[in-house]
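Visitor: Provide a 3D model corresponding to the input given below.
(2 chains)
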Number of protein chains: 2
Amino acid sequence: MLFIGESINATRKSVARAIGERDEEAIRELARSQVEAGAHMLDVNAGTGGDGEVEDLKWLVQVVQDEVGVPLSLDSSDPEAIREASRVHEGEPMINSISGEEGKQATLLEIVASMPCKVIALCLDDSGIPDTASERVDLAEKLTSRLETAGVPQDKVFVDPVVLSVATDAGAGPIALETIEKVRDRLPEVNIVVAVSNVGFGLPGREVLNRTFTALAVSRGADTMLADIRDPGVVAGAIAAYTLSGQDPYCGNYLKAYRDGLLS
Amino acid sequence: MLFIGESINATRKSVARAIGERDEEAIRELARSQVEAGAHMLDVNAGTGGDGEVEDLKWLVQVVQDEVGVPLSLDSSDPEAIREASRVHEGEPMINSISGEEGKQATLLEIVASMPCKVIALCLDDSGIPDTASERVDLAEKLTSRLETAGVPQDKVFVDPVVLSVATDAGAGPIALETIEKVRDRLPEVNIVVAVSNVGFGLPGREVLNRTFTALAVSRGADTMLADIRDPGVVAGAIAAYTLSGQDPYCGNYLKAYRDGLLS
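Guide: Now for the predicted structure:
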């Protein structure tokens, strides 16, 4: 199980402010607290809508890695920001993300071909987000195949089934869960990453939705959580679901997590 | 969703003591706290291993119903205790349980035929607990059919898939979950009850296993939880999983639970 902290994201006002003011300490604290809570990697997103994203993302990468040293998920809709950020990143980054959108795909494939990296493959294309799990899995297969051609082996591909909010579509949960199950079945070598916090967007009490959806996703075969790792319920839910769905013989993973204080 | 409080059970030392000493106040407090936490029904079990179970269960039924007035699940391995307890029970009891064990089945069928009641149908027989979900579902079908012949309609049958501890068998979770899915598919009219707390028997940190397994079970089609309802995580996990698995259009159930303070 891989936990990626989601919190250094410029769509959050406090993070946008910290980036704008080059407030290193605020970013360092966010990095530290997530790694202390169990994050193995951190997502960094500097997309404030202005035109400084390339420089902003490079700055974020340097400050965060100076503080915690973990590998980062470089999260941008601008391929150039990803390219530049990857050049200052130490170690093997995760590219977040490539999708079926043809406009950006060639540049992104060229970037991922140029270095060892992990890649998030998002199940959407120029027609938008498919309404059925089957179409999403077809897209996952197509993307995985193109990534392999570009030199990214399947075990470095992280398929994202696309999680939408259940507030606007009651089917959002089941479609994501069914996509996870089908991807696990058809592409056994790839990883499956779930952006957990999207599922409760617009609803109150989102923490219980986040931790519960984490558990459901793990039980269907997801192995990587992009989530608010500082909520102990998310980590505990993932670990418990892993054990409860038969993936943890003799409960070794569960008992280690208990001893490490991750289940309280 | 139906929540049945599990806590008035003589396998717990404090409850056995309260029964032995006829400590009404201890039992009343256990009844009150479970109903306040959201239990719609309470399970009552007086099986201390001694020979007073028939009288003990009758006493429990009277004390508990005097305090909270909710219907009870009469939980005993002794059909005579169930028969006598049902005579002092007010309203429609739940009989916990009938199984494929032929020795007791005739008496239990006669009891359930004699009054309006709900019945828990346990997926085991004289050969023990089947190792596969398919065999458990076959048993559920057989029991449901016999109960119908005895006058119990399917919507008053509560199939229990049998939950064992993952501490001794890593497959315990998946088999129970698969049984739930298959029963929901093959017997759409019956209810499915899950004895949640069994799943973590022998492990530390059982609360996280309980609330997580509740969520997984609801997402596969379980609708009734026999659980420690006083743990707010169990109720919250069930409600969130119901919404996340597409059963709660417009999130009406979720939002009502939030307003009622059940998701905190």
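
Visitor: residue nearest the middle of chain A, spatially speaking?
Guide: Geometric centre of chain A, nearest residue: A:Leu226, 3.8 Å, by CA atoms, centre = their mean.

Visitor: convert stretch A:244-259 to CSV, retaining C-alpha atoms only.
Guide: Provided in CSV are the C-alpha atoms of stretch A:244-259 (Å, rounded to 0.1, in the frame of the first residue of the first chain):
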residue,chain,number,x,y,z
LEU,A,244,-10.4,-7.9,5.6
SER,A,245,-10.3,-8.5,1.9
GLY,A,246,-7.9,-11.4,2.2
GLN,A,247,-4.7,-9.7,1.1
ASP,A,248,-2.8,-10.0,4.4
PRO,A,249,-2.2,-13.6,5.4
TYR,A,250,-1.5,-14.0,9.1
CYS,A,251,-2.4,-10.3,9.5
GLY,A,252,1.3,-9.4,9.4
ASN,A,253,0.7,-6.1,7.8
TYR,A,254,-2.2,-5.3,10.2
LEU,A,255,-0.2,-6.2,13.3
LYS,A,256,2.8,-4.1,12.2
ALA,A,257,0.5,-1.1,11.6
TYR,A,258,-1.0,-1.6,15.0
ARG,A,259,2.5,-1.6,16.6
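
Visitor: specify the local secondary structure of the residue nearest to the centre of chain A.
Guide: Three-state call for A:Leu226 (DSSP: H, G, I helix; E, B strand; the rest coil): strand.

Visitor: how close does it sit to A:Asn96?
Guide: Per CB to CB, to the nearest Å, A:Leu226 is found 8 Å from A:Asn96. For every residue, glycine as well, the C-beta is placed using N, CA and C.

Visitor: return every residue with contacts to both of the two.
Guide: A:43, A:73 (CB atoms under 8 Å, 6 or more residues apart in numbering or on different chains).

Visitor: ok, the residue nearest to the centre of chain A - contacts?
Guide: A:4, A:6, A:43, A:73, A:193-196.

Visitor: pLDDT score assigned to it?
Guide: A:Leu226 carries a pLDDT value of 98.

Visitor: what's across from it in the sheet?
Guide: Judged by DSSP bridges, the bridge partners of A:Leu226 are A:Ile4, A:Ala195.

Visitor: what's the spacing between it and chain B?
Guide: Using CB to the nearest CB, to the nearest Å, A:Leu226 is found at 17 Å from chain B.

Visitor: how about A:Gly151, secondary structure?
Guide: Applying three-state DSSP: A:Gly151 is coil.

Visitor: and for the nearest residue to it once chain neighbours are set aside, the neighbour number?
Guide: Distances taken as CB to CB, 6 or more residues apart in numbering or on different chains place A:Ala113 nearest to A:Gly151, at 5.2 Å, with adjacent residues excluded. A:Ala113 has 13 neighbours, counted by other CB atoms under 10 Å in any protein chain shown.

Visitor: burial count for A:Val44?
Guide: Counted with other CB under 10 Å, A:Val44 comes out at 32.

Visitor: how close does whichever residue of the stretch 1-150 of chain A sits closest to chain B sit to A:Pro71?
Guide: Closest to chain B within the stretch 1-150 of chain A is A:Ala133: 12.2 Å, counting by CB to the nearest CB. Separation of A:Ala133 from A:Pro71 (CB to CB): 30 Å.

Visitor: same check, this time on A:Ser97
Guide: 16 Å.

Visitor: how many other residues sit next to the residue of the stretch 1-150 of chain A closest to chain B?
Guide: Count around A:Ala133 with other CB under 10 Å applied: 20.

Visitor: hmm, back to that, more neighbours, A:Ser97 and A:Pro71?
Guide: Shown here are A:Ser97 and A:Pro71; by other CB under 10 Å, A:Ser97 has more neighbours (23 against 19).

Visitor: quick one: the helices in the stretch 101-250 of chain A?
Guide: Applying DSSP state H, counting those that start in this stretch to the stretch 101-250 of chain A gives helices spanning A:102-113, A:133-149, A:172-186, A:206-220, A:232-244.

Visitor: for these, which one sits closest to A:Gly50?
Guide: Smallest distance to A:Gly50 across the helices of the stretch 101-250 of chain A (CB to CB): 19.5 Å, for helix A:102-113.

Visitor: list the buried residues for the closest one?
Guide: A:105, A:108-109, A:111-112 (16 or more other CB atoms under 10 Å in any protein chain shown).

Visitor: that helix vs helix A:133-149, what angle?
Guide: Helix A:102-113 runs at 40 degrees relative to helix A:133-149, counting by axes from the mean of the first three to the mean of the last three CA atoms, to 10 degrees.

Visitor: what is helix A:102-113 packed up against?
Guide: helix A:79-88, strand A:94-100, helix A:133-149 (3 or more CB pairs under 8 Å, 6 or more residues apart in numbering or on different chains; DSSP states H and E).

Visitor: tell me the most buried of those?
Guide: strand A:94-100 (a mean of 24; mean count of other CB atoms under 10 Å in any protein chain shown).

Visitor: which helices and strands does it pack with?
Guide: So strand A:94-100, by 3+ CB pairs under 8 Å, 6+ apart, packs with strand A:72-75, helix A:102-113, strand A:118-125, helix A:133-149.

Visitor: including mean pLDDT, could these go into a markdown table?
Guide: Converted to a markdown table, the helices and strands packed on strand A:94-100 look like this (pLDDT from 0 to 100):
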| stretch | mean pLDDT |
| --- | --- |
| strand A:72-75 | 98 |
| helix A:102-113 | 95 |
| strand A:118-125 | 97 |
| helix A:133-149 | 98 |
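
Visitor: now those in TSV, with distance to A:Val35?
Guide: Listed next are the helices and strands packed on strand A:94-100 as TSV, based on distance: least, CB to CB, whole Å:
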stretch	distance to A:Val35
strand A:72-75	11
helix A:102-113	25
strand A:118-125	18
helix A:133-149	28
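
Visitor: and chain A, which residues reach chain B?
Guide: A:166-167, A:170-171, A:173-174, A:177, A:199, A:203-205, A:208-209, A:212-213, A:215-216, A:219, A:236-237, A:239-241, A:243-246, A:248-251, A:254-255, A:258, A:263-264 (CB under 8 Å from any CB of the partner chain).

Visitor: mind giving me the ChimeraX select for those, buried ones only?
Guide: A single ChimeraX command selects the buried members of those (16+ other CB under 10 Å):
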select /A:166,167,170,173,174,177,199,203,205,208,209,212,213,215,216,219,236,237,239,240,241,243,244,245,246,248,251,254,255,258,263
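
Visitor: picking that back up, so who does the residue nearest to A:Gly151 touch?
Guide: So A:Ala113 contacts A:150-152 (CB under 8 Å, 6+ apart).

Visitor: ok, A:Ile129 next?
Guide: Here A:Ile129 is in contact with A:123, A:136, A:162, A:164 (CB under 8 Å, 6+ apart).

Visitor: most surrounded residue in the residues you listed?
Guide: Counting by other CB under 10 Å, top hit in the contacts of A:Ile129: A:Arg136 with 26 neighbours.

Visitor: output stretch A:86-93 as CSV, nothing but the C-alphas.
Guide: Output in CSV follows, covering the C-alpha atoms of stretch A:86-93 (Å, rounded to 0.1, in the frame of the first residue of the first chain):
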residue,chain,number,x,y,z
SER,A,86,11.1,16.9,-13.0
ARG,A,87,14.5,18.5,-13.8
VAL,A,88,15.0,19.8,-10.2
HIS,A,89,13.4,16.7,-8.6
GLU,A,90,15.7,14.3,-6.8
GLY,A,91,15.1,10.6,-7.4
GLU,A,92,12.3,9.1,-9.4
PRO,A,93,9.2,11.4,-9.6
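
Visitor: could you pull up the mean pLDDT of it?
Guide: 98.

Visitor: got a list of contacts for it?
Guide: A:58, A:61-62, A:65, A:69, A:71-74, A:85, A:95, A:111, A:115-118.

Visitor: chain center to that stretch, what's the gap?
Guide: How far stretch A:86-93 lies from its chain's middle: 17 Å, per CA atoms, centre = their mean, to the nearest Å.

Visitor: one more: stretch A:231-241?
Guide: The chain centroid and the centroid of stretch A:231-241 are separated by 16 Å under CA atoms, centre = their mean.
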